[in-house]
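Trainee: Kindly return the folded structure for what I paste below:
(chains A and B)
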There are 2 protein chains.
Amino acid sequence: MALHLITGGAGFVGVNLARRLLVDGERVLAVDDLSRGQLELLAELEVHPRFQFRQIDCSDPDALFDAIKHAGDRIAHVWHMAANSDIPAGIADPHIDLNRTFLTTFGVLLAMRLAQIPELHFASSSAIYGDFGELEIHEEVGPLEPISNYGAMKLASEAQIRAAVEAYLPRANIFRFPNVVGVPATHGVILDLIRKLRATPNRLEVLGDGTQKKSYLHVDDLIEAMMHISRLKGRYQVFNIGPTDKGVTVRMIAEAVRDRVSPTAMIAYSQGNRGWVGDVPRFRYSVRKLVETGWTPTLGSDEAVRRAIEEIACQEVGA
Amino acid sequence: MALHLITGGAGFVGVNLARRLLVDGERVLAVDDLSRGQLELLAELEVHPRFQFRQIDCSDPDALFDAIKHAGDRIAHVWHMAANSDIPAGIADPHIDLNRTFLTTFGVLLAMRLAQIPELHFASSSAIYGDFGELEIHEEVGPLEPISNYGAMKLASEAQIRAAVEAYLPRANIFRFPNVVGVPATHGVILDLIRKLRATPNRLEVLGDGTQKKSYLHVDDLIEAMMHISRLKGRYQVFNIGPTDKGVTVRMIAEAVRDRVSPTAMIAYSQGNRGWVGDVPRFRYSVRKLVETGWTPTLGSDEAVRRAIEEIACQEVGA
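Mentor: Coordinates of the predicted model:
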């Protein structure tokens, strides 16, 4: 029954991770600055006797260290999930990803060093790779040329963690997340489309021409992959996480949302195959390395998206 | 006769670059926070009518933008050379490379965006690659796993620049520097060894067992390579810069320093093939991509080191 620290603990992945750790019998200290994480997402968890929450900006290592000191026991694992999740906002203002995506990692590392916490599990991103077109992206490809500040600051975080492992940190796992879907949804294409369509039920406007093709993983499969990797034995492990298929198009997602929410709506696409600057239109993500260690996703991209649409449509009715 | 901004303009490479640009008939605004750069290195340049200097910490974009505004003309090129150059110090305190190696790049990019300066030339480093052992390191290798905070923050800088090129910056060149030698020496193995030997002329203590093998480029060849790359036409260009040989050992350098400075001294090596945490012991650096564009170094590692020993020995007598 170890004590786990989750940063970004009131965010989409953080909440799912906390629930899973509690189910497994572990104890959880969740921290979040609530800049995008939402306290109401924790309602169900906050009553749990093995769960505690502190509002902290973890780019402030002193505040984080203070929370660690007062956690009541030694922390065995840090799951660093805190980051900006709005990529276009980060392109408009580079300070957002500097502060929330990179300096949070920097602060976590400083606090871990002070508190001598031995294991870091980090939510990196497929965005560190940039645009490889039709080439398959495995963990050892180069060159790494992220095309968004978000991707740049995730790569910066990985680099800083790698140097920490060289100097003092006993162990780190780097999870390179794909697009992840599920509830509680706080951002992302499905939530955006559902909200748009509820606002204007006759017409669904889609950024880009709908041909962007990406793979999507359901958050339940993501959490299972993270647990699986954390049980492997390497000192510094880097894994792509994602489904084994080639993904689905934005058009498929838009049509499935329309069918679920407002079947008679027309869908209007805009020009170009990029939704925004920094968006990667096509993406062949290899998860062979992870699959070879014995993990398999239970849902493909198509199933993950369809299940998430159902889940998010219900969430939004309740909201 | 364009106006060039050089950051780190009072440092080793900055001073050599400024001199070269002035010789070519260009105008130079050099900035430096003088944390490691030295004003006396600028004595010869400061009297030049096409040279100006401002003491500025370029991690402060407002100060930098102010200097740019008051430069008297539009700046056409930024040569961003400012960085921490003490790798072990940066491992002991990660803030050093955060502030001086990464946040300087972040500040330069903000100021360039405000001032609409179209071309950035950036001094990156072979340290972004980490430890590839005997494998040849070309520009497209992966994975990139820097083992020092210095390397991590150079990689972070590259990533941030790449994202800027995607969003607004018209052009950037990334120079991945090798070990560079020459004068005015402000740091580095040759200067360290000469100073040690002058302090204790009978005995030269060397970090590591002397088998570390690295390639060294003379600063004159480095500057020529940077000029050459800046004339190529790509929008985002990444080049390894270095000699074409496999390098020389620390033992060779120590012996050549001893022969020049104090021929009867004994040399004492310590255990292990790393001089410090974050030091890469062996390194096969490919500069094929650069050579194929028509550049060739005039000196190999052995000649570069021997010439630099002579130059630095003279500098230190004068110092």
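
Trainee: Could you chop chain A up by domain?
Mentor: A:3-180+A:216-240, A:183-214+A:245-283+A:300-318 (automatic domain parsing).

Trainee: so what's A:Val261 up against?
Mentor: Residues near A:Val261 by CB atoms under 8 Å, 6 or more residues apart in numbering or on different chains: A:194, A:197-198, A:201, A:313. Using the backbone N, CA and C atoms, a C-beta is placed for each residue, glycine as well.

Trainee: Likewise for A:Lys154?
Mentor: Neighbouring residues of A:Lys154 by CB under 8 Å, 6+ apart: A:83, A:101, A:124-125, A:127-128, A:146.

Trainee: Between those, which sits nearest B:Ala159?
Mentor: Nearest to B:Ala159, judged by CB to CB, of those is A:Pro146 at 5.2 Å.

Trainee: Wait, the closest one touches A:Ala152, no?
Mentor: Yes. At 4.7 Å, A:Pro146 and A:Ala152 qualify as touching, with contact defined as CB atoms under 8 Å.

Trainee: what touches both of those two?
Mentor: B:159, B:162-163.

Trainee: more neighbours, A:Pro146 and A:Ala152?
Mentor: Taking other CB atoms under 10 Å in any protein chain shown, A:Pro146 and A:Ala152 do not tie; A:Ala152 has more neighbours (34 against 27).

Trainee: how about the strands of the stretch 1-150 of chain A, start to end?
Mentor: Taking DSSP state E, counting those that start in this stretch, the strands of the stretch 1-150 of chain A run over residues A:3-7, A:27-32, A:51-55, A:75-80, A:119-125, A:136-137.

Trainee: Show me the shaky parts of the stretch 201-319 of chain A.
Mentor: Low-confidence segments of the stretch 201-319 of chain A (pLDDT under 70): A:273-282, A:318-319.

Trainee: And the stretch 1-150 of chain A, by the same measure?
Mentor: Using pLDDT under 70, the stretch 1-150 of chain A has no residue that qualifies.

Trainee: Give me the phi and psi for A:Arg203.
Mentor: phi -150, psi 130 (degrees, to the nearest 10).

Trainee: what does stretch A:216-227 contact?
Mentor: A:12-13, A:16-17, A:20, A:24, A:79, A:121, A:173, A:175, A:177-183, A:239, A:241-243, A:247-248, A:290, A:295, A:297-299, A:301, A:303-305, A:307-308.

Trainee: Which of these are buried, as a ChimeraX select command?
Mentor: Of the contacts of stretch A:216-227, the buried ones can be selected in ChimeraX as follows, counting by 16 or more other CB atoms under 10 Å in any protein chain shown:
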select /A:12,13,16,17,20,79,121,173,175,177,178,179,180,181,182,183,239,241,242,243,247,248,290,295,297,299,301,303,304,305,307,308
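
Trainee: Can you tell me the closest non-neighbouring residue to the residue in the stretch 1-150 of chain A positioned nearest to chain B?
Mentor: Going by CB to the nearest CB, chain B is nearest to A:Gly142 of the stretch 1-150 of chain A, at 3.1 Å. Leaving aside its sequence neighbours, A:Gly142 sits nearest to B:Gly142 (CB to CB, 6 or more residues apart in numbering or on different chains; 3.1 Å).

Trainee: Enumerate every residue touching the one you found.
Mentor: Shown in contact with B:Gly142 (CB under 8 Å, 6+ apart): A:139-144.

Trainee: ok, and the most crowded of these?
Mentor: Most crowded among these, counting by other CB under 10 Å, is A:Leu144 at 22 neighbours.

Trainee: was I right about it contacting A:Ala127?
Mentor: No. Counting by CB under 8 Å, A:Leu144 stays clear of A:Ala127, with 10.4 Å between them.

Trainee: ok, back up a step: I'd like the shared contacts of A:Pro146 and A:Ala152 as JSON lines, with neighbour count and secondary structure appended.
Mentor: Shown next, in JSON lines, are the shared contacts of A:Pro146 and A:Ala152 (neighbours: other CB atoms under 10 Å in any protein chain shown; DSSP: H, G, I helix; E, B strand; the rest coil):
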{"residue": "B:Ala159", "neighbour count": "31", "secondary structure": "helix"}
{"residue": "B:Arg162", "neighbour count": "25", "secondary structure": "helix"}
{"residue": "B:Ala163", "neighbour count": "30", "secondary structure": "helix"}
